[in-house]
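Asks: generate a structure from the sequence data that follows.
(chains A and B)
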Amino acid sequence: MSETRNRYDVLIVGAGVVGNAVARELSRYRLDVGVLEKELDVGMGTSARNSGVLHSGIHYRPGSLRAQLNVQGNEMMQDLCRDLKVKIRYIGKLTVAQDEADLETLRRLKEQGEANGVPGLEILDAAEMQKKQPGVGGIAALWSPTTGIICPYGLTIALAENAAANGVNFLLGREVTGISRNHGGFRVRTAGGERFEAAILVNAAGLFSDRICRMVGVDDYRIYPCRGEYLILDKRLEGSLSVLVYPAPRKGGAGLGIHLTNTVDGNILIGPSNEYVEGPEETDCTPEILARLKREGHELLPGISAADFIRSFSGLRAKQVPPEVGGFKDFVVERRDDVPGFINLVGIESPGLTSSPAIAVMVRELVSELTPLREKAGFVPERPGLAGFFFERSPEEKADLVAQDPDYGEIVCRCEQITRREVLDAIQNPLGVRTLAAVKYRSRAMMGRCQGGFCLPRIVQILEREFGYRPEDVLLFSPDSWMFRGRVREGSAAHA
Amino acid sequence: MLETRRDLVVIGGGPAGLAAAVEARRSGCRDVLLIERDRILGGILNQCIHDGFGLHRFGETLTGPEYAQRYIDEFEALNLEAMTGTIVLSMDHRRNLYVSSRSGFARIEAGAVVLAMGCRERTAGAIGIPGTRPAGVYTAGAAQNLINLQNVMVGSRVVVLGSGDIGLIMARRMTLEGARVEGVFELLPYPSGLPRNIQQCLEDYGIPLHLSTTVTRIHGRDRVSGVSVAEVDESRTPVPGTERRVPCDTLLLSVGLIPENELSAGAGVRMAPRTSGALVDEHGLTSTPGVFSCGNVLHVHDLVDHVSEEASRAGACAVRYLDGEVGPAAASVSVEPGRGVGYVLPQRVGGREDFTLSLRVAEPSRDRAVWVRDGDRKVARKKLVRLHPAEMVQMKVKAERIRDAKRLEVVVE
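Replies: Model (predicted):
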C-alpha cells in the first residue's frame, strides 16, 4: 500500500460497493482520492450481506433514480466484471403469477420495465415457464433475461483493488468521528485521532450515511436499518435452480419476499426476511427467523436435509422510510449547494449493488461540476490474475497450473477445493488486509460445509510460518476479534 | 497429465484406510495405493493425544498417535505405498480418480476403491445458533487440532455445547491447559458421549454437565462475550423463564459428526439417510461396483478399534472383488432397523456367509436384548445390561439361520 497522505482532492467515506465504485471511477482522472473506512476491510457491511442479485429494473417507478441507475448499472456490469475478473451470470428471472390478479401485476410490471428501458421482457404461459424452470407452480410468469447473479463481496473487493492499483488510497480501520469545514474544504477526524483534509467529500457511508450528513450539518435524512436474514445451503444442491424465481409482488408485501437465490459460487440462499432494527450494526440472527427460513426452505426445496444448512447471516437495508410508513423512497445522489463540495449518497438500498457503476458515473459528473477532470494516462481498467478459482477449471488446465506452480497442487480447503496458491494470494491481497475474514472473502477457503473446521488450523500455520504471525496477532475481522490467547506452550514448535 | 492404472486404491490414511490397506496386502493384493491428503499418515488420531485407544484391538490403552503408529509400522513393514499430501478431487462411477498434489495433477483408474475419508464436525452454521457471529466459536475437533498440533490456545473461559466425545475430551484438555470450563450443555436428556468420558473428563475435573439444556444465543460483536443457555422441554424447545447468561470468551461445539461423502456422491454411491453413509452389504460393497466403504465415512464410530475391524473386512473383501469372488449380491436380504434401533448396517446381505451387524439403539435403557428377526422367527439375539446410543453394538449372524429370508428386522426387546 502507498503511504498515508492526509490531504486529498476527494475523500470518500465508506468502502462498500458504492464507495469503491466511485473511487474506481475517479481513479481514471488526475485526482488524489482517499477512501475512509471504519472496518479493517472493504465491503464489511451491506455489500457482503445481500442476495448477490443483479436486478433488471422492472420494480421501480419510471423516471426515478432507482429505475434509471438500475438499468444503466445492469448494462455496465458485464464489461466491468470482465475487466475486474468478477463472477457474473445473467441467468434470468421468472416472476410468477398464481392467479388473474397476479397476472395483471405482471402486465403492469412489464409495462413499467419497458418504460424503464429493460430489454427482453416477456410474459410466459405455464408451459413456457416450466421450460425455464421445471417444477414451478403458477399460471404465468414475467421473464426478465437481464436479471443475473454476481458475487457481491467479490465485486466490492475487485473495485477497491483496481482503484488502489490506479492510485486511490484506502484508509482502512478509520472511523470518521467528526467533520469540520475550513476554507474551501473539509477536515475529517477519525476515532484514532488522525486528521484528513479534502476539497470534496463523498458520503458513501451506507447505514451510517445519515450520521455523516449530520456531521456536515445536513439534517434532512435518517436511515432506518431493516434486517434481512439468510441461510446458506450446501453446494450439493447446486443445479436445483437454473433461473431465479420470485412470487409476483402483492399489496402489503414488503421487500420481494423470502425466496431461493442461487449464487455464482454454487450455493443457494434462502431469504431474506424483513425486520426493522434499532442500530446499524444489528446483524444478529434470530431464533424465530432461522426457524421460519428452515421451514420455508424445506417447502421450496423438498430434497434438503438438516445437514444442508451450512451457515446463517444477516444484512441490513439502509431504508429511508420508517416501518410505519413503509414502501420505497428514491435514492439520493446529490451535490449540496448548502455545503459546497459535499456529494451525498443516501438510501442506496436495493438495487444499490446493480446500480453501483451507474452511481459512480453520476458522482463523477457531480465532481466535474466542482473541479475540472483530466484523464490520467496510465489508468489500467483490468485487474491482474486469473479469473475464477482452481476448482472451476478443466482437468487439463488444473494439470498445467500445478505443473507451473506446485502451490496450486496443494489443497488447503478441502470442502471448496481451494489451493495453497489461492490462500497465499488472498493473504497477500493488494489492500494489505490481514484478517481471516479477508482470506475467506477473497479465496473462499473456510466458506464450505465444514466452515473452516479443517482448513483454519492450516491457514493459521501458513500465517505463522510464511508471514511471521504470532497466534495472538490473528484476527477474525476487527481489532478486537482475536482468535487465540497465544501459545499453549512457549518455546515448543508447532506440529510439522 | 499423468495417467495410471492401479488395482486397489484406498482413499484416506487414517485408521480405516491403514487397516484396509494392510489387510488387502495380507489378502494377497500386490498393487495397493493409499492416498492421504495430510502430509503424514494417521488421520485424526494424530491430534488425539489422550489415551484410551486400542483396548479391544491390542488389549492395552494407547494414545491416538500410538494406535496409529502400530498400523503405520505394519503398513511400512508390508512395503505398502502411500501418496501423502495428495487429495482426491473427484471420482466417477467407473472409479476414475482425479488427484492433486504438489508434484502434479493426475488421473488414476482403479480396479477397486476403498472409501475411508472419515467424517467432519457439525458446525454452528449447521445448527443455526441465533445471535452474533464473533470470533471464538470453534468446533471441538478444530480446537483440538489448534491446541495439540498448532500450539495455539483458543480461549480462556469456555462453554461447551454438546456432549459428544470430542467435546468431553476438550473440556478436560482446556482445563488442563489452564482455561476455565463453565460447563457442558447438552440438548438431549442423556449425554451423547461414552460414559467413561463423562467420568474421566467431566466428573474427575468438577466440570458440570447440564442435560436438556442448550445454547440459545451467542453474544459479542468482535469476540464471544457470553452465551445464553436455557432448559428445553421434551420437544427440545427452550422453556421460557429458564434462560440465563453465561459469560465466556469461547464456545466449543461438539454437536455431531457427519460422514464426509462428497466424493462418494460423485461416484454415484447410494446413501443411507440414517447414517449419512453409503448403503453397503456385508462386504462393505456400496451400490457402485468395486467401491467399498468403511470407518467413519460409512457411519460414525465411537471406538477406533471397531473402525479398524470394519476396515480390515472391507480391505479383504475389495481383494476378493478383484479376484471375482465378491460382486453385487444377486439375491439380497434387506436388513432394517425396527423398534428401539437408531440404525443398523449392512443394509443388505447376500445370505450365504456369516456376517456382523453394527447398530445403535435409539435411546438409553437397561437389561434388554437386541433381536434379529425374520418375520416372527428370531435368528440372532444379544443380551445387554446397559444400552446407550453412544455405544455401538455389534453382533454376529450366522448364514445358516437366515436361509430363505427376504427381510431381516432388528429390534430392542
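Asks: next, give phi and psi for A:Leu233.
Replies: Geometry field for A:Leu233 lists phi and psi as phi -100, psi 150, criterion degrees, to the nearest 10.
Asks: residues contacting the closest residue to it other than its chain neighbours?
Replies: Distances taken as CB to CB, 6 or more residues apart in numbering or on different chains put A:Ile268 closest to A:Leu233, at 4.3 Å, once the chain neighbours are dropped. In this view, the C-beta of every residue, glycine as well, is placed from N, C-alpha and C. Taking CB atoms under 8 Å, 6 or more residues apart in numbering or on different chains as the contact definition, A:Ile268 lies against A:Ile232, A:Leu233, A:Leu237, A:Glu238, A:Ser240, A:Leu241, A:Leu260, A:Thr261, A:Asn262, A:Leu301.
Asks: which residues does A:Ile268 form beta bridges with?
Replies: For A:Ile268, the beta-bridge assignment (DSSP bridges) gives partners A:Leu233, A:Asn262.
Asks: quick one: it and B:Arg94, what's the gap?
Replies: 29 Å (CB to CB, to the nearest Å).
Asks: helix, strand or coil: sort out the residue in the stretch 201-350 of chain A positioned nearest to chain B for me.
Replies: Scanning the stretch 201-350 of chain A for the residue nearest chain B gives A:Arg311, at 3.3 Å (criterion: CB to the nearest CB). Following DSSP: H, G, I helix; E, B strand; the rest coil, A:Arg311 is assigned to strand.
Asks: so what pairs up with it in the strands?
Replies: A:Ile232.
Asks: how far away is B:Pro328 from chain A?
Replies: Taken as CB to the nearest CB, to the nearest Å, the spacing of B:Pro328 relative to chain A amounts to 26 Å.
Asks: leaving out chain neighbours, which residue sits closest to that residue?
Replies: Nearest one to B:Pro328, counting by CB to CB, 6+ apart, is B:Pro289 at 6.3 Å.
Asks: helices or strands up against the host helix or strand of B:Glu74?
Replies: Using DSSP states H and E, the element containing B:Glu74 is helix B:64-77. The elements that helix B:64-77 packs onto, with contact taken as 3 or more CB pairs under 8 Å, 6 or more residues apart in numbering or on different chains; DSSP states H and E, are helix B:15-26, strand B:51-53, helix B:55-58, helix B:304-322.
Asks: hey, which of the ones you listed is tucked in deepest?
Replies: Burial among those, expressed as mean neighbours by mean count of other CB atoms under 10 Å in any protein chain shown, is greatest for helix B:15-26, which shows a mean of 29.
Asks: find the closest residue to chain A in chain B.
Replies: Here chain B gets closest to chain A at one residue, B:Gly125, 3.3 Å apart by CB to the nearest CB.
Asks: give me every residue that touches B:Thr356.
Replies: When contacts are taken as CB under 8 Å, 6+ apart, B:Thr356 is in contact with B:Glu282, B:Arg313, B:Gln394, B:Met395, B:Lys396, B:Val397.
Asks: how about B:Ser103?
Replies: For B:Ser103, the residues meeting the contact criterion (CB under 8 Å, 6+ apart) are A:Pro406, A:Gly409.
Asks: please report phi then psi for it.
Replies: phi -90, psi 0.
Asks: quick check: pLDDT value at it.
Replies: What the model reports for B:Ser103 is a pLDDT of 95.
Asks: list the contacts for the nearest residue to B:Ala16 once chain neighbours are set aside?
Replies: What sits nearest to B:Ala16 in space, not counting adjacent residues and going by CB to CB, 6+ apart, is B:Gly295, at 2.6 Å. Under the criterion of CB under 8 Å, 6+ apart, the contact list for B:Gly295 reads B:Gly12, B:Gly14, B:Pro15, B:Ala16, B:Gly17, B:Ala116, B:Gly118, B:His301, B:Val307, B:Glu310, B:Ala311.
Asks: shaky segments in the stretch 251-400 of chain B?
Replies: Within the stretch 251-400 of chain B, the stretches falling below the threshold (pLDDT under 70) are B:329-331.
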